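Novice: quick one, what's the 3D model for this:
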Amino acid sequence: MTKTTLDLTGLKCPLPALKTRKALKAVAPGDFLEVHCTDPLSVIDIPNLIRETGDKVEISERGEARIVFLIEKSNGSIGKSNDAPPVIG
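Specialist: I've put the predicted structure just below:
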């Protein structure tokens with residue numbers, strides 16, 4: 001497992017969520033993306049983004065100066081639930 005840090009301090013909505021989405025594409029399943037933000041709206045935007053992607057997120061630091069999110073990339077199985085089960089017979 002590796003951890004990549006993404007410094008988005010100083011950026012305003014919607015840039016933190018957009019750049020987080022882009023950075024997640026390069027993260028391997030099981031690895032972590034640590035995102036540093038200063039935009040107060042990121043506490044809404046980034047968790048909503050992660051709900052869409054199916055990954056896991058927690059706020060590991062929340063102060064007046066910055067917010068740090070720790071995102072764990074899932075294995076990508078979300079969204080494949082419509083596949084038909086194999087026929088055994």
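
Novice: okay, now the unreliable bits of this structure?
Specialist: Along the chain, the model assigns pLDDT under 70 to residues 76-89.

Novice: where do the helices sit along it?
Specialist: 15-24, 42-53 (DSSP state H).

Novice: got these as a markdown table, with mean neighbour count and distance to Arg62 columns?
Specialist: Yep, even glycine has a C-beta here, placed from its N, CA and C like the rest. As requested, those are exported to a markdown table (neighbours: other CB atoms under 10 Å; distance: least, CB to CB, whole Å):
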| stretch | mean neighbour count | distance to Arg62 |
| --- | --- | --- |
| helix 15-24 | 18 | 14 |
| helix 42-53 | 17 | 7 |
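
Novice: can you say which of those helices is nearest to Phe32?
Specialist: helix 15-24 (10.7 Å; CB to CB).

Novice: which strands and helices sit next to that closest one?
Specialist: If contacts are counted by 3 or more CB pairs under 8 Å, 6 or more residues apart in numbering; DSSP states H and E, helix 15-24 sits against strand 3-8, strand 32-37, helix 42-53, strand 67-72.

Novice: output these in JSON lines; the columns should cover distance to Lys25.
Specialist: JSON lines is the format used below for the helices and strands packed on helix 15-24 (distance: least, CB to CB, whole Å):
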{"stretch": "strand 3-8", "distance to Lys25": "12"}
{"stretch": "strand 32-37", "distance to Lys25": "10"}
{"stretch": "helix 42-53", "distance to Lys25": "10"}
{"stretch": "strand 67-72", "distance to Lys25": "12"}
